[in-house]
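Asker: have a look at this prediction, sequence included:
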Amino acid sequence: MSMEDKELAIDCCLLAGRLMMEAGAETYRVEDTMVRMAGTQMLSSTHSFVTPTGIIFSPGSSYHTKLIRIKDRTTDLEKVALVNDVSRKLSTAEYTLEEAYAKLKEIEQANVMFPLWLQIIAAAIASGCFLILFDGLWIDVPIAVLAGGFGFVIVTKIHELTRVKFFAEFIASLFIALIGFAAIQGGIGTQLDKIIIGAVMPLVPGLLITNAVRDLMAGHFVSGLSKGAEAFLTAFAIGAGVAFVLSF
C-alpha cells in the first residue's frame with residue numbers, strides 16, 4: 001500500500017470517528033470502529049483516544065499522530081448506523097477504501113435528521129404520553145402537548161441563535177412552566193406538576209446519561225465523567241427554568 005493510500009486510510013478512520021461522535025455514539029464504539037477500519041488497511045498498530053470534544057489517532061510509529069476536533073454534538077442514531085454500515089462493508093471488502101471514504105463524505109453532507117416540523121409533532125405527542133405515563137389526567141393532555149411542542153421549538157431556535165445548549169434548555173423549560181401555570185390559572189388545567197413533568201421529558205438527556213454510564217462501565221472514565229457532567233448541567237438547567245417560574 002502506497003503512502004497516499006495510508007494517509008487516505010487514516011483520514012477515513014478519523015472521518016468515521018468524528019461523524020459518530022457528532023451523532024451521539026458511545027466512546028468505545030467509536031474507538032472500536034476506527035480500529036477495525038484501520039485493521040482492514042494493514043494499520044495494525046493503531047491507537048485512538050476519543051473524548052466528547054476531540055479524537056487523537058495514532059496509526060503507528062511511521063506516521064504522524066493526528067488530532068481532530070469535535071465541535072457539535074447531537075443525537076442522530078441514523079447517522080451512527082450509516083457509518084457502522086460503511087465500516088462493516090469495508091471490513092468485508094464490499095467497499096474499497098476510496099468507496100468507503102466517498103460514502104462517508106456523502107453521509108457527512110447528507111441531512112438524515114427528520115424535518116423540524118416532524119420533530120416538533122413527535123415531541124408534542126410524547127409530552128402528552130408522558131403525562132399519562134406519570135398518572136396524569138386526560139383533561140391535561142392538550143396542555144402538555146402544547147407546552148411540550150412549544151418548548152421543543154424554543155430549545156431548537158435558542159440553540160441555533162446562541163449555540164449555548166444549557167441556556168436554550170433553561171429558556172425552554174421556563175416557557176413550559178409558564179404555559180402550565182397559565183393553564184392552571186385559566187382553569188383549563190388541573191395538575192401543574194404532571195403537565196410540567198410531561199412537557200419537559202423531550203428535553204431530558206436520556207441518551208447522554210445512558211452513554212455516560214456505558215462509557216464508565218467500559219473504562220472510558222474521561223468521556224464518561226464529561227458526559228455525566230453535561231447531563232447533570234442539562235438537568236440542572238431544566239430544573240432551574242421550572243423552579244424560576246414556580247418560585248414566583
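Answerer: It's in.
Asker: what helix or strand does the closest residue to E230 other than its chain neighbours sit in?
Answerer: Closest residue to E230 apart from its sequence neighbours, by CB to CB, 6 or more residues apart in numbering: L208 at 6.1 Å. For glycine as for every other residue, the C-beta is placed from the backbone atoms N, C-alpha and C. Secondary structure from DSSP states H and E places L208 in helix 206-217.
Asker: what separates that helix from the chain centre, distance-wise?
Answerer: Centroid displacement of helix 206-217 relative to its chain, using CA atoms, centre = their mean, to the nearest Å, is 12 Å.
Asker: C-terminal to it, what's the next element?
Answerer: Downstream of helix 206-217, the next assigned helix or strand under DSSP H and E is helix 221-246.
Asker: what's that following helix packed up against?
Answerer: strand 47-51, helix 165-185, helix 192-200, helix 206-217 (3 or more CB pairs under 8 Å, 6 or more residues apart in numbering; DSSP states H and E).
Asker: and those as JSON lines, adding mean pLDDT, mean neighbour count and distance to F152?
Answerer: Output for the helices and strands packed on helix 221-246, formatted as JSON lines (pLDDT from 0 to 100; neighbours: other CB atoms under 10 Å; distance: least, CB to CB, whole Å):
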{"stretch": "strand 47-51", "mean pLDDT": "87", "mean neighbour count": "18", "distance to F152": "28"}
{"stretch": "helix 165-185", "mean pLDDT": "93", "mean neighbour count": "21", "distance to F152": "7"}
{"stretch": "helix 192-200", "mean pLDDT": "93", "mean neighbour count": "25", "distance to F152": "9"}
{"stretch": "helix 206-217", "mean pLDDT": "86", "mean neighbour count": "18", "distance to F152": "15"}
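Asker: any chance of the ones you listed in TSV, plus distance to A81?
Answerer: Formatted as TSV, these follow (distance: least, CB to CB, whole Å):
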stretch	distance to A81
strand 47-51	19
helix 165-185	24
helix 192-200	28
helix 206-217	14
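Asker: and G149, how many neighbours?
Answerer: Applying other CB atoms under 10 Å, we find 22 other residues in the vicinity of G149.
Asker: what does F244 give?
Answerer: When counting by other CB under 10 Å, one arrives at 14 neighbours for F244.
Asker: any idea how far the closest residue in space to it that isn't next to it in sequence is from A212?
Answerer: Nearest residue to F244 in three dimensions, chain neighbours excluded: L174, at 5.8 Å (CB to CB, 6+ apart). Counting by CB to CB, to the nearest Å, the gap from L174 to A212 is 26 Å.
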